[in-house]
Each structure stands twice: as C-alpha cells, then as structure tokens.
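J.: got a structure for you, letters missing:
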C-alpha cells in the first residue's frame with residue numbers, strides 16, 4: 001500500500017481523506033451552513049437584478065463562502081494585496097489567491113475565465129502563491145500552479161442545492177494537501193438555468209452574438225455609421241436624412257467671375273478710400289493702426 005507525504009504527517013493514498021477528523025468536521029459544517037449561504041447569496045444578487053452589479057457583490061459572496069461555509073476566519077482574509085482581490089493567509093503563510101469578477105461575468109464565458117486565470121497567475125507569481133481561484137458569485141474554480149500549467153483542485157457551482165463537499169480541498173486543513181484525484185474538478189462552463197433559457201427563447205437575452213473581446217451581448221453596444229459613407233448609416237439615420245435634407249452650399253466664385261464687370265466689388269471704408277483729389281486721412285482711419293515712429297536714442 002502506497003503512502004504519500006503531507007505537511008507533518010503521512011496519510012494513505014488508498015484510504016484518502018474521508019477518515020480524517022478535519023474532513024468529517026468540515027463536511028458537517030458545509031452541510032449545515034449551505035442552506036443559509038444560498039439565502040444570503042440570493043439577497044446579495046438582488047443588486048445584480050436591479051442594475052449591473054460591481055465586483056464587490058462577488059467578493060461578498062466569496063467571503064461568506066470561506067468564512068461561514070468553510071472554516072476560515074475574517075482575520076485570514078486580505079483585500080487588494082498587490083492587485084489581488086482576496087488573499088487567504090494563515091499564520092503568515094499565503095495559501096490561496098482569489099480573483100473575483102462581476103456576477104455572471106465568468107460562469108458562461110470561457111474567454112473571460114481564461115483572462116481572469118492569467119491575471120491571477122500573474123499576481124500569484126509575484127507574491128509566490130501556489131494556489132489560485134476565480135469566482136463571479138455563480139461559480140468558483142481553484143487550481144494549483146505547477147510547472148507548465150494548472151492542476152485542477154476544485155470546481156463548484158455556488159447555485160446548486162446539494163452541498164458541494166469538494167470545498168474541503170479549499171478549507172484550512174485541505175488547501176495545503178495535494179489532491180490525488182481531480183475527477184469533477186475540471187474547469188467547465190455552467191449550463192443556463194431554466195429562467196435564463198426561457199428569457200433567451202422570448203428574446204429578452206440576446207446572448208447569441210457576443211463581443212469577441214469583452215464577451216458582452218450585442219444589446220450593450222450602439223451602431224454608429226461612418227460619417228463619410230452614407231451607405232453605412234442605420235435605417236433611422238437614412239430616414240431622418242431624407243426627411244430633413246441638408247441645405248446645399250453655394251459654390252465659390254471663380255477668378256473669371258470675380259473679374260467680370262457685373263460681379264459686386266468689395267466696398268472699402270470711406271476713411272481709407274478718401275475723396276477725389278484728396279488723400280485718405282491716415283490718422284483718422286478706424287481700420288488701420290497708426291504707424292509707430294522708430295525711437296531714436298540720444
């Protein structure tokens with residue numbers, strides 16, 4: 001029977017972690033506190049239903065998860081440490097770095113998840129943390145940093161009714177242990193809920209066309225045609241342009257037209273033109289400044 005070494009103890013790879021006292025206590029805590037966590041999470045997401053919520057809502061949900069469902073204390077949470085949203089420490093040791101995004105920003109967007117993971121890996125490399133996690137209040141994915149990539153640690157849907165026992169691998173006594181079996185911890189996107197599926201069928205959610213970079217639906221952007229190309233104008237702009245045509249500008253006169261006898265000449269001021277037989281009054285001109293005499297030094 002093979003043995004794997006953990007920090008300060010040996011445990012059997014065949015027996016796993018089910019026989020650890022810390023595992024049993026954590027599982028009981030998860031099962032008893034999970035319904036209350038779901039209720040608190042639903043209340044926090046009310047802000048997202050009223051208007052677009054910020055990342056702070058997801059941070060509060062993650063704090064409730066680690067302090068009320070798991071066995072971390074509020075003193076173990078550190079916010080905005082060298083750019084990282086949440087950093088879990090115990091006795092001065094950095095165990096887990098968490099990058100949070102706005103609610104719903106990761107659960108159904110693969111590219112957004114990969115971008116958040118790259119951001120968390122950069123922060124973890126700077127702070128020398130070997131475990132990272134990303135969450136948006138709907139899902140939580142954690143992985144260990146290994147040579148050449150990531151090793152799955154846990155993937156949890158924060159909206160499921162059944163208590164996720166895989167959260168033990170993120171607890172105080174499970175975060176420093178290497179998970180031998182990563183089945184069920186792979187990163188994947190969450191399926192849409194029945195309510196979201198009905199909204200998409202009714203046309204409320206136009207998520208079929210997403211922005212290639214930001215992952216936002218098309219209804220979040222406005223169409224603006226090219227000012228020099230009338231063919232790119234929207235139908236509304238074309239109808240307004242036909243209803244209110246732009247007045248045509250008069251063409252500028254050519255040199256031949258200006259020299260013609262019938263072309264109106266520009267009238268000069270009377271003070272500058274003078275009268276027949278009399279030079280113009282130079283000092284009384286309102287349109288010319290009197291010339292200054294150069295000063296002669298003695």
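T.: Received the coordinates, thanks. Just so it is clear, the structure is predicted and the values come from calculations on it, not from any experiment.
J.: what residues sit buried inside stretch 59-73?
T.: By neighbour count, and taking 16 or more other Cβ atoms under 10 Å as the criterion, the buried residues in stretch 59-73 are 59, 60, 61, 62, 63, 64, 65, 66, 69, 70, 71, 72. The C-beta positions use only the backbone N, C-alpha and C, and glycine is treated the same way.
J.: check stretch 84-103 too.
T.: Within stretch 84-103, the residues that qualify as buried are 84-89, 94-103, counting by 16+ other Cβ under 10 Å.
J.: tell me how many other residues crowd residue 145.
T.: For residue 145, the neighbour count with other Cβ atoms under 10 Å is 18.
J.: what strand or helix carries it?
T.: Per DSSP states H and E: residue 145 is located in strand 139-146.
J.: partners of that strand in the sheet?
T.: Strand 139-146 pairs in its sheet with strand 131-135 (antiparallel), strand 149-157 (antiparallel), by DSSP bridges.
J.: touching it from outside, list them.
T.: Where contact means Cβ atoms under 8 Å, 6 or more residues apart in numbering, the residues beyond strand 139-146 that reach it are 62, 65, 96, 106-107, 113, 117, 121, 124-125, 129-135, 150-158, 169-170, 178-179, 187, 190.
J.: which residues of the protein fall in helices?
T.: Listed from the start of the chain, the chain has helices (DSSP state H) covering 21-44, 46-50, 55-64, 110-127, 194-202, 235-243, 255-259, 270-273.
J.: now the contacts of strand 139-146: which count as buried?
T.: Applying the neighbour count, that is 16+ other Cβ under 10 Å, the buried entries in these are 62, 65, 96, 106-107, 113, 117, 121, 124, 129, 131-135, 150, 152-156, 158, 169-170, 179, 187, 190.
J.: and the pLDDT at the closest residue to residue 151 other than its chain neighbours?
T.: Spatially, and ignoring its direct neighbours in sequence, residue 151 is nearest to residue 144 (4.5 Å; Cβ to Cβ, 6 or more residues apart in numbering). According to the per-residue confidence, residue 144 scores 93 in pLDDT.
J.: how close does the closest residue to residue 66 other than its chain neighbours sit to residue 127?
T.: With Cβ to Cβ, 6+ apart as the criterion, residue 66 has its nearest non-adjacent residue at 4.4 Å, and that residue is residue 72. Between residue 72 and residue 127 the distance, using Cβ to Cβ, to the nearest Å, works out to 18 Å.
J.: list the contacts of residue 171.
T.: So residue 171 contacts 22, 26, 70, 71, 72 (Cβ under 8 Å, 6+ apart).
J.: nope, residue 117 is what I was after
T.: Applying Cβ under 8 Å, 6+ apart as the definition, the contact partners of residue 117 turn out to be 99, 132, 134, 141, 143, 150.
J.: surely residue 161 touches residue 38?
T.: Yes. Proximity of residue 161 to residue 38 meets the contact threshold set by Cβ atoms under 8 Å, at 7.4 Å.
J.: so between these two, which is more surrounded?
T.: Counted by other Cβ under 10 Å, residue 161 and residue 38 do not tie: residue 38 has more neighbours, with 15 against 8.
J.: any idea how far that one is from residue 76?
T.: Counting by Cβ to Cβ, the separation of residue 38 from residue 76 is 23 Å.
J.: for residue 232, same thing?
T.: Between residue 232 and residue 76 the distance is 56 Å, computed by Cβ to Cβ.
J.: which one's more surrounded, these two?
T.: residue 76 (17 against 12).
J.: that one contacts residue 86, correct?
T.: No. The pair residue 76 and residue 86 does not pass the contact test of Cβ under 8 Å, sitting 10.0 Å apart.
J.: got any residues that touch both of these two?
T.: Taking Cβ under 8 Å, 6+ apart as the contact rule, residue 76 and residue 86 have no neighbour in common.
J.: pLDDT below threshold where in the stretch 51-200 of the chain?
T.: Applying pLDDT under 70 to the predicted model, the residue ranges of the stretch 51-200 of the chain that meet it are 51-53, 192-200.
J.: and with 80 instead?
T.: The stretch 51-200 of the chain contains residues with pLDDT under 80 at 51-54, 148, 190-200.
J.: ok, residue 125 to residue 97 distance?
T.: Noted for residue 125: a distance of 10 Å to residue 97, by Cβ to Cβ.
J.: same question but for residue 122, I mixed them up
T.: Distance from residue 122 to residue 97, by Cβ to Cβ: 10 Å.
J.: now do residue 82
T.: For residue 82 relative to residue 97 (Cβ to Cβ), the value is 10 Å.
J.: hey, what's in contact with both of the two?
T.: 123, 127.
J.: count of neighbours near residue 184?
T.: For residue 184, the tally of surrounding residues (other Cβ under 10 Å) stands at 11.
J.: again but with residue 159, I slipped
T.: 15.
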